[in-house]
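Q: Next one to model:
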Amino acid sequence: MAGSSINIIKKKRKEKQHDDGEKDLKNNSSSKSMEERLQALKVSDKDHQKILDDVKQTLESCRKTQEHLTKTQEKLKVVKDENGNIVGAVSDLEAKWKAFQDAFDQMNKQMIANIAASMGKEVNFAREKPDHKQVSIKDSIKLIQDPKCKNVVVLTGAGISVESGIPTYRGNDGFWKIGSENYTPQDIATRAFFEKHTKEQWRYHMERKANMSKAKPNDGHYKLKELEDYCRENGKTFQLVTQNIDGLHGKVGHKNEVYYIHGDMNYARCPNVAYNGCNQSNKKVPFPKIPASLDKLKNKYFKLPKCKCCGSILRPHVLWFDESYSEELYRLTSTINAVKNADVLIVIGTCYQTSLPQRILGLCKTNNTPILDVNPNLNDDVFSAPLLMVKETGTVFLNTLMDKLNKKKKTIKSKKNRKK
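A: Numbering: from 1, shown residues only. This is a model prediction of the structure:
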């Protein structure tokens with residue numbers, strides 16, 4: 001529209017040939033109105049009106065553009081404010097992420113230190129040691145009797161089974177120190193070894209199972225059952241979690257399910273979990289019968305146990321070093337939930353060498369849950385959480401604990417009878 005008006009003006013200018021008139025127009029153009037300029041150019045009324053309409057339309061377009069720019073500026077201001085909030089939120093998230101990284105870094109350093117210790121090495125990290133405290137059994141009783149203590153969780157390690165004749169995994173006579181004829185236990189206890197040297201691994205696990213079969217629950221196992229009963233009678237929940245695969249906790253009559261987070265050598269299972277695999281895969285079956293003479297295990301005609309459903313070679317129901325925890329097989333989620341709700345965690349006979357116990361310590365630290373660490377060898381090199389350390393064997397601790405708790409229970413019952 002505006003372009004056509006300019007063309008009309010140019011046309012009229014060409015029609016004006018004399019130089020003087022053109023010079024006057026140039027000299028006076030800045031002081032003349034639009035209409036005077038048009039008259040000087042001898043524009044017709046029709047063209048005159050067209051030019052004015054084009055100018056008005058252009059001005060209206062400029063006004064609308066200005067309004068649009070104003071609105072855009074307002075929107076930019078809002079976005080700027082929102083960005084400020086987002087930046088603040090991002091900064092907060094970064095701070096939380098940094099805290100998580102620090103915690104994760106500490107856990108990794110602890111794991112490295114533990115691995116190094118198991119190999120007879122030493123790793124020094126510049127980090128602050130938690131405020132461990134050595135406490136008495138009497139102090140432990142007060143924690144459990146506290147009316148605010150509604151949920152008790154117990155984690156046991158190999159130490160509780162020593163008096164049953166089963167060595168600790170990392171003691172001087174522990175399984176992880178001995179090895180079979182040709183391989184170390186660290187080599188054997190992996191899925192990779194099972195797939196490559198199946199017979200050798202089954203021989204090793206059957207020898208271990210033969211040793212475990214001779215063992216019987218000791219006083220510590222039975223006293224834990226008494227602690228469960230005490231908790232049930234006093235309105236407290238009780239959950240036993242064990243790293244042990246000897247199955248001894250299952251022989252004392254616990255009412256609640258025991259969480260075997262590293263498996264149970266009373267069972268084997270079919271490993272055929274592939275697509276279109278066995279419909280009995282990962283379902284526990286009784287551990288295969290052990291030959292009367294272990295020498296038969298060295299016979300080259302030794303027959304490997306097979307799944308009755310698909311014919312695949314069975315595997316022991318244990319968690320190997322190159323495998324992960326799961327809820328289905330090792331009650332991972334159930335254990336985590338129990339620890340999250342715990343008001344006190346009692347740990348007996350472990351040195352926290354595997355990842356889930358380390359994670360349990362981290363959860364307790366986050367929730368400020370007191371950890372009673374019962375061990376004749378103080379775990380003062382643990383960095384994941386502060387420990388309330390009781391320097392006793394599991395059996396001595398549990399015997400004393402239950403004697404005191406049961407004595408108090410009898411006293412209360414006696415008082416009630418006298419009131420009647």
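Q: Any idea how many residues pack against the spatially closest residue to Gly362 that is not a sequence neighbour?
A: Among residues not flanking Gly362 along the chain, Ser384 sits closest, at 5.6 Å (CB to CB, 6 or more residues apart in numbering). All C-beta atoms are positioned from the backbone trio N, CA, C, and that covers glycine. Look at Ser384: counted by other CB atoms under 10 Å, it has 23 neighbours.
Q: Thr65 versus Ser384, what's the distance?
A: 65 Å (CB to CB, to the nearest Å).
Q: If you drop the residues flanking it in sequence, what lies closest to Ile336?
A: Nearest to Ile336 is Leu363, by CB to CB, 6+ apart, at 7.0 Å.
Q: Where does the one you found fall, secondary structure wise?
A: helix 355-367 (DSSP states H and E).
Q: got the buried residues for that helix?
A: Neighbour counts using 16 or more other CB atoms under 10 Å place Leu356, Pro357, Gln358, Arg359, Ile360, Leu361, Gly362, Leu363, Cys364, Lys365 of helix 355-367 among the buried residues.
Q: mind listing what the fourth one touches?
A: What it means is Arg359. Taking CB atoms under 8 Å, 6 or more residues apart in numbering, we find Arg359 in contact with Met107, Ile336.
Q: Just the pLDDT for it.
A: Per-residue pLDDT puts Arg359 at 94.
Q: circling back to that earlier point, could you redo the buried residues of helix 355-367 as TSV and give each row distance to Ile137?
A: Shown next, in TSV, are the buried residues of helix 355-367 (distance: CB to CB, whole Å):
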residue	distance to Ile137
Leu356	27
Pro357	22
Gln358	26
Arg359	27
Ile360	22
Leu361	21
Gly362	26
Leu363	25
Cys364	20
Lys365	23
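Q: out of those, which one sits closest to Leu329?
A: Leu356 (12.7 Å; CB to CB).
Q: dump the residue contacts of the closest one.
A: Leu356 neighbours (CB under 8 Å, 6+ apart): Ile261, Tyr325, Leu332, Thr335.
Q: and if we set it to 6 Å?
A: Ile261, Tyr325 (CB atoms under 6 Å, 6 or more residues apart in numbering).
Q: quick one: it from Ser326, how far?
A: Taking CB to CB, one finds Leu356 at 11 Å from Ser326.
Q: Gln280 now?
A: 17 Å.
Q: between those two, which one's more packed in?
A: Per other CB under 10 Å, whichever of Gln280 and Ser326 has more neighbours is Gln280, with 16 against 12.
Q: Can you verify my assumption that that one contacts Arg269?
A: No. Using CB atoms under 6 Å, Gln280 makes no contact with Arg269, being 8.4 Å away.
Q: Break this protein into its domains for me.
A: The chain breaks down by automatic domain parsing into domains covering 2-76, 133-166+215-262+322-419.
Q: wait, which of those is closest to Glu195?
A: Closest among the domains of the chain, using CB to CB: domain 133-166+215-262+322-419, at 10.6 Å.
Q: Report the rounded mean pLDDT for stretch 270-288.
A: pLDDT averaged over stretch 270-288 gives 88.
Q: coming back round to it: so which of the buried residues of helix 355-367 comes closest to Arg315?
A: Leu356 (20.3 Å).
Q: Local confidence estimate at that closest one?
A: 93.
Q: just the one 10 residues further on next, same as before
A: At Thr366, the pLDDT value in this model is 94.
Q: Tell me how far it lies from Val347.
A: Counting by CB to CB - Thr366 and Val347 are separated by 17 Å.
Q: swap in Ser161?
A: In terms of CB to CB, Ser161 sits 15 Å off from Val347.
Q: So for the two, which residue has more residues nearby?
A: Val347 (29 against 26).
Q: Just confirm the more buried one is within a strand.
A: Yes. Counting by DSSP: H, G, I helix; E, B strand; the rest coil, Val347 falls inside a strand.
Q: residue contacts, it?
A: Leu155, Asp373.
Q: Glu128: what secondary structure?
A: Assignment for Glu128 (three-state DSSP): coil.
Q: same thing with Tyr267?
A: strand.
Q: Please look at it and Val318 and confirm they touch.
A: No. Tyr267 lies out of contact with Val318 (CB under 6 Å); the separation is 9.1 Å.
Q: mind saving the C-alpha coords of stretch 203-212 as CSV?
A: This file holds the C-alpha atoms of stretch 203-212, laid out as CSV (Å, rounded to 0.1, in the frame of the first residue of the first chain):
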residue,chain,number,x,y,z
ARG,A,203,32.2,-80.2,44.7
TYR,A,204,33.2,-77.1,46.7
HIS,A,205,29.6,-76.2,47.8
MET,A,206,28.8,-79.8,48.7
GLU,A,207,31.9,-79.9,51.0
ARG,A,208,30.7,-76.7,52.6
LYS,A,209,27.1,-78.1,52.9
ALA,A,210,28.5,-81.3,54.5
ASN,A,211,30.3,-79.1,57.2
MET,A,212,27.1,-77.0,57.8
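Q: Can you give me the buried ones in that stretch?
A: Arg203, Tyr204, His205, Met206, Arg208, Lys209, Asn211, Met212.
Q: So which of those are in strands?
A: Taking DSSP state E, every one of these sits outside strands.
Q: Out of the residues you listed, which comes closest to Gln239?
A: Of all these, Gln239 sits closest to Met212, with 23.6 Å by CB to CB.
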